[in-house]
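**Q** Quick one: sequence and predicted model below, then my questions.
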Amino acid sequence: MASKQLWRWHGITGDGNAQDGMRWAESRALLLMALQQQMVTPLSLKRIAINSAQWRGDKSAEVIHQLATLLKAGVNAF
């Protein structure tokens, strides 16, 4: 199994509205399939490089706690 990569995308929904976001996917092809399932026609896809040095151990717990709070509040992460 390949590791997931972070992608930034811009596209158009089925009703013609512009939409953009970020999403984890194992490949460009899988990202395209996921967006098409959401009825989004992608206009641009860009892989975002994640530097492992940016993920410090002391910040990981804080980030996970903040994400858990958002998910409990009903914010959809994907």
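**A** Arrived safely. On a predicted model such as this, the values are computed, not experimentally measured, just so you know.

**Q** Was I right to think Pro42 contacts Leu32?
**A** Yes - taking C-beta atoms under 8 Å as the definition, Pro42 is a contact partner of Leu32 at 6.3 Å. From N, CA and C alone the C-beta is placed, and that goes for glycine too.

**Q** Now the residue most central in space within the chain: closest residue in space that isn't a chain neighbour?
**A** Of all residues in the chain, the one closest to the mean position by C-alpha atoms, centre = their mean is Arg23, 1.5 Å from it. In this structure, Arg23 finds its nearest non-sequential neighbour in Trp7, 5.5 Å apart by C-beta to C-beta, 6 or more residues apart in numbering.

**Q** likewise Leu6?
**A** According to C-beta to C-beta, 6+ apart, the nearest residue to Leu6 is Ile48 (4.5 Å).

**Q** you'd agree the one you found is up against Met22?
**A** Yes - with contact defined as C-beta under 8 Å, Ile48 counts as touching Met22 (7.2 Å).

**Q** which neighbours do those two share?
**A** Counting by C-beta atoms under 8 Å, 6 or more residues apart in numbering, the common neighbours of Ile48 and Met22 are Leu6, Trp7, Arg8.

**Q** Name the member of those with the most neighbours.
**A** Ranked by the number of neighbours (other C-beta atoms under 10 Å), the shared contacts of Ile48 and Met22 place Trp7 first, at 22 neighbours.

**Q** what residues are up against that residue?
**A** Met22, Arg23, Trp24, Ala25, Arg28, Leu31, Leu45, Lys46, Arg47, Ile48.
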